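J.: turn this into a model:
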Amino acid sequence: MVDIETASFRSGSDAGTLYVRRRADRRGVTDGPSRPQQPRARARKPRVSGAGRSPSTRTSKASGGGPVTAAGVPDYYVEYHTLCGSGMYGHFVSILCHGIFERFPNTRLAMVEGGLVPFVGFLWRLDTNWKSCRTEIPWCRRRPSEYVWEHVRFATQPLESPEDAELLAPAIQGLRPWDTLMYASDFPHWDFDEPEQTLRQLPEDWRDAVRARNAIEFFRLPAAAPA
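T.: Residues are numbered from 1 along each chain as shown. Coordinates of the predicted model:
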């Protein structure tokens, strides 16, 4: 049972870990070694870990080997870096389908380092399936997307960067970024994003919210005093 109000999912060094460390530590579940901070030319040898852990407590990475995917553990860093958000998509859908936000209405969830575009498709598909299958999950009294707007926020890093920069905003508009998107740098990792580097890729009328306002509201921080 979640015993804190704010939860977060990360890929990378804390891949897919729901931040209920107090409970997880009691069960002996710990994070494996951190992933490398820069690409390696040498291929990794696949390794498997996590045997015996329950699905509710295992992380989405194998120790030192990146996220566990349907294709196994990635052999190359380029695979890892492309798929590092894959472990959290199942958690995202599961949390919505199990009625967590109905049972724990003060819970807030941040999806960090999972990208943005995949969540748009998952949410569209989940809303569609909820319409025809909602008798199976009657505790979900509203469309899954409605819970997302109230309880879930997304981080910018790593921001998808299509060659045609004009494709980005329409691709993520389905997440209501003006309300749900928070700037994240991932500093000091080699692929970190500077604030202006990120913000200039977004429409101007989203920038103030992404830069600070959405995070201030989500984390219930005091508003900055006027200079």
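
J.: I'd like the distance between G174 and P118.
T.: 11 Å (Cβ to Cβ, to the nearest Å). C-beta coordinates here come from the backbone N, C-alpha and C atoms, glycine included.

J.: contacts for the longest helix seen in the chain next, please.
T.: Ranked by residue count under DSSP state H, the longest helix found in the chain is helix 117-133. With Cβ atoms under 8 Å, 6 or more residues apart in numbering as the test, helix 117-133 has contacts from 85, 89, 92-93, 96-97, 111, 137, 140, 143-145, 148, 154, 160, 171-172, 174-175.

J.: what of stretch 162-178?
T.: 116-117, 119-120, 123-124, 149, 154, 159-161, 181, 201-203, 205-206, 209-210.

J.: try 10 Å
T.: Outside stretch 162-178, the residues that touch it by Cβ atoms under 10 Å, 6 or more residues apart in numbering are 111, 115-117, 119-121, 123-124, 145, 148-149, 152-154, 156, 159-161, 180-181, 200-203, 205-210, 213-214.

J.: show the buried residues in those.
T.: Neighbour-count burial within the contacts of stretch 162-178 applies to 111, 115-116, 119, 123, 145, 148, 152-154, 156, 159, 180-181, 201-202, 206-207, 209-210, 214; the criterion is 16 or more other Cβ atoms under 10 Å.

J.: now, which of the residues you listed lie within strands?
T.: Residues of these located in strands (DSSP state E): 111, 152-154, 181.

J.: can you give me the strands in this structure?
T.: Remark: strands assigned in the chain by DSSP E are 6-10, 61-62, 66-67, 108-112, 152-155, 181-182.

J.: lowest average pLDDT across the ones you listed?
T.: Per-stretch mean pLDDT for those is lowest at strand 61-62 (a mean of 41).

J.: report how many residues lie close to S185.
T.: By the criterion of other Cβ atoms under 10 Å, S185 has 15 neighbours.

J.: what are the phi and psi values for the nearest residue to it once chain neighbours are set aside?
T.: Distance criterion Cβ to Cβ, 6 or more residues apart in numbering; nearest residue to S185, sequence neighbours excluded, is F192 at 5.1 Å. The phi and psi values for F192, taken as degrees, to the nearest 10, are phi -70, psi 160.
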